[in-house]
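Participant: kindly return the folded structure for what I paste below:
(chains A and B)
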Amino acid sequence: MSNDIAILGVGMHPWGKWGKNFSEYGVHAARAALKDAGIPWQDVGFVSGAATMRCGYPGYVAGATFAQALGWQGAQVNTSYAACASGSQALAAAQAKILAGECEVALVVGADTTPKGFLAPAKGYRPEDPDWLRFYLGITNPTYFALYARRRIDLFGDTEEDFARVKIKNSEHGFTNPNARYKKKFTMEDVMNSAMVADPLRLLQICATSDGGAAMIVSSMDYAKRLGKADAVRVAAVSTVTPTFASAVVEMPDIATDSAAAAGVEAHRFRAALPAKAYEQAGIGPEDVNVAEVYDLSSALEMDWYEDLQLCPRGEAAQLVRNGDTKLGGRLPVNPSGGLACFGEAVPAQALAQVCELTWQLRGEAGERQVEGAKVGITANQGLFGHGSSVIVKK
Amino acid sequence: MSDKPVQAAIEGWYTLDTDTPHLIGAKCDDCGTYYFPKNLSFCRNPNCEGETFSEVQLSRTGKIWSYTDACYKPPEPFVAEEPFVPYGIAAVELEKEQMIILGQTVKGVGPKDLKVGQEVELVLEPLHEDDESVKITWKWKPLG
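Facilitator: You can find the predicted model right below:
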C-alpha cells in the first residue's frame, strides 16, 4: 500500500522584513496554495499550522489563528512547534490524518515575523536553561556553525573559498526567485571582504532572519484522482526523528554533548539520521535524488548536509562544490531556490518553503531556476533541542 | 585586574582551586554516563533506568574538537567589556568522559593559536564583573 499523499497546491508570501503581522503572511500563502490547488477553502478538513514563538499567543496557536483569518469553517485544527522543523511536523500531522482516513484535504501553513539581530533568550538568571546559559558564556548561533566549518578545514582541507563558493552559487540561484529576500549575485571578493563574525565564517556566509510565509494543500491520492490530479507531486516521506543517545556533535543550544562512556553506548550524528529515516520511509536511496533543498544556516553547513544526505562520502563535499555539481546545470543541484542564503530564516515557514520549491521543481514550473527532469527531491533541516526534518517528494 | 572578591559566575559548576580547577559533573551510579551540566534526576541513557548519581570532577585536560571566536558582542545575558574585545571559543573532547564541552579560550588565545586535536587544560578566568565581585568561569588554555 502506498503511503504517499498528493501536494495539490503550494504558495508563499515573499520573504523580507515587511513588519506585518505573521498571520497576514500565512493567509497570503494559504490563499495562493488554495488557488494553485483549484479547490475551495470550505473543502479543507484539517488545518495544520506551524507555531511561532515570537508573536504572542496567536503564534502559539497558529493553526487556529490562520483558520480564523481564512474564515472559521469547522475544520479540525492542529498546531505544531518543533523549532526549525515546525513546518515539517505540521506536514507530518496532515500526512498522518490523511493516511488514517480522517480527512481528505489539509492545509499546512507556517509564517513568522522576526526581530532584528541575534536571536536572544528570555531574561533573568537561569543557568538551568541551556539557551540562557550559552549566551551568558558568550556562545551564539554562529559559534556552532563556525565550529562545524572549522572542523571541515582542519580535517578535510576545505578552504574559506569553498564556503564562499556555496554562497556565490546560492546567490546565483536565488537571483530570479520572486519569493527570495536577497537578490544580489555575490562575487568571491564580496564574500571574502565581508566582516568576520565567527572565524572562519564571515557575515555573507551566515543566514539572516526574515519574515515570510509558506503553505501547501495536501490530500489523499483518491481525492487527487477525483480532482483529475492523479499525477500531482507526492510527499513520499516526512522524517522528524529525534537524535539517538549519545550525541556525537555539540548542538545548539547545548554547551556539551552527551557522554558515550557507558558500556554499549555509541556516539551518533543527528543530522545524518534525519535523511536516513526519510530514505527508509520512501523506499529510495540517495542515488535516486535529483535535487535537494538543505538548511544552509551557514554556507559551510550546506556542505555538511551533502554528506549527511549521502550525496557524497564524508569529507568530499568540497569537491562537489569545486566541480559545480551542486549548481544549476550540474549533476545534482542543491538549493535551487537560493536557500537560506537568499531567504533568511523564517523559522515556522522555512521547512515548508523547502517543500514548495521542490514541488515547483518537480512540476517543471521553476522558471529560470528549473532543474531539468527532476523527479525526486529531498529536504533537510535542523533546529534546536533535537528537532530536525527531512521530506522526500517525488513525481 | 580588579581587587574585588572573586565569585563563580555559575555556583557549583566548577571547583575554585586556582591551580588545578575542575568542572563538576555527575556520573550515573548504574551505567557510568557522565553529565555536564550535572544531571541528578534521571539517567538519559535509553538503556539505563538509573536515578542515583555521584558528583565527580571531570578531566581537566582534553583535545580540541573544534574552535572559533566571537568577533561581535553577543546579546544579553552576556556582559561585555567596553570596548568589546573578541574572544576565542573551543569545543574540547574529554577522553575518559567521551564527551565534548564548550568554553571560551583564555584571554589572548584565538583561532590562529589553535588546531583540531591540540591538547588543552581547564583554567579559571573572569567572565565579567559587577559592583560586588569578579565572576569567574572555566576557560580552555593550550598546554605547553
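Participant: just the helices in chain A please.
Facilitator: A:22-37, A:57-60, A:62-70, A:86-99, A:130-136, A:141-156, A:160-174, A:188-193, A:221-226, A:270-282, A:299-308, A:317-323, A:339-343, A:347-363 (DSSP state H).
Participant: which stretch among those helices comes nearest chain B?
Facilitator: Among the helices of chain A, helix A:141-156 comes nearest to chain B, with 3.6 Å by Cβ to the nearest Cβ. Every C-beta, even on glycine, is put in place using the N, C-alpha and C of the backbone.
Participant: can you lay out the helices of chain A as a markdown table showing distance to A:Phe245?
Facilitator: Converted to a markdown table, those look like this (distance: least, Cβ to Cβ, whole Å):
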| stretch | distance to A:Phe245 |
| --- | --- |
| helix A:22-37 | 35 |
| helix A:57-60 | 29 |
| helix A:62-70 | 31 |
| helix A:86-99 | 21 |
| helix A:130-136 | 16 |
| helix A:141-156 | 20 |
| helix A:160-174 | 31 |
| helix A:188-193 | 38 |
| helix A:221-226 | 37 |
| helix A:270-282 | 11 |
| helix A:299-308 | 19 |
| helix A:317-323 | 27 |
| helix A:339-343 | 29 |
| helix A:347-363 | 24 |
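Participant: which among these is found nearest to A:Thr242?
Facilitator: helix A:270-282 (8.1 Å; Cβ to Cβ).
Participant: next, see if the closest one gets close to chain B.
Facilitator: No. Residues of helix A:270-282 contacting chain B under Cβ under 8 Å from any Cβ of the partner chain: none, with a closest distance of 13.6 Å.
Participant: so is the helix or strand bottoming out on mean pLDDT in chain B next to chain A?
Facilitator: None of the helices or strands of chain B scores lower by mean pLDDT, DSSP states H and E than strand B:6-8, at a mean of 94. No. Strand B:6-8 stays clear of chain A (Cβ under 8 Å from any Cβ), getting no nearer than 10.6 Å.
Participant: tell me which residues of that strand are tucked away?
Facilitator: Using 16 or more other Cβ atoms under 10 Å in any protein chain shown as the test for burial, strand B:6-8 gives B:Ala8.
Participant: just the pLDDT at the closest residue to A:Pro253 other than its chain neighbours, thanks.
Facilitator: Distance criterion Cβ to Cβ, 6 or more residues apart in numbering or on different chains; nearest residue to A:Pro253, sequence neighbours excluded, is A:Asp131 at 4.1 Å. Per-residue pLDDT puts A:Asp131 at 89.
Participant: what's the mean pLDDT across the helix or strand that contains B:Asp69?
Facilitator: Using DSSP states H and E, B:Asp69 sits in strand B:61-70. The pLDDT scores in strand B:61-70 average 98.
Participant: which residues touch the residue nearest to A:Ala208 when sequence neighbours are not counted?
Facilitator: Closest residue to A:Ala208 in three dimensions, ignoring its sequence neighbours and counting by Cβ to Cβ, 6+ apart: A:Gly344, at 3.8 Å. Applying Cβ atoms under 8 Å, 6 or more residues apart in numbering or on different chains, we find A:Gly344 in contact with A:Trp15, A:Arg181, A:Tyr182, A:Cys207, A:Ala208, A:Thr209, A:Ser210.
Participant: which positions in the stretch 1-150 of chain A make contact with chain B?
Facilitator: Residues of the stretch 1-150 of chain A lying near chain B by Cβ under 8 Å from any Cβ: A:117-118, A:120-121, A:123, A:125, A:127-128, A:132-140, A:142-143, A:146-150.
Participant: B:Leu124 against B:Ile136, yeah?
Facilitator: Yes. Using Cβ atoms under 8 Å, B:Leu124 is in contact with B:Ile136, at 4.9 Å.
Participant: identify the contacts common to those two.
Facilitator: In contact with both B:Leu124 and B:Ile136: B:Leu16, using Cβ under 8 Å, 6+ apart.
Participant: re earlier: the residue nearest to A:Pro253: neighbour count?
Facilitator: Neighbour count of A:Asp131, defined by other Cβ atoms under 10 Å in any protein chain shown: 16.
Participant: and if you look at the one 4 residues further on?
Facilitator: When counting by other Cβ under 10 Å, one arrives at 22 neighbours for A:Phe135.
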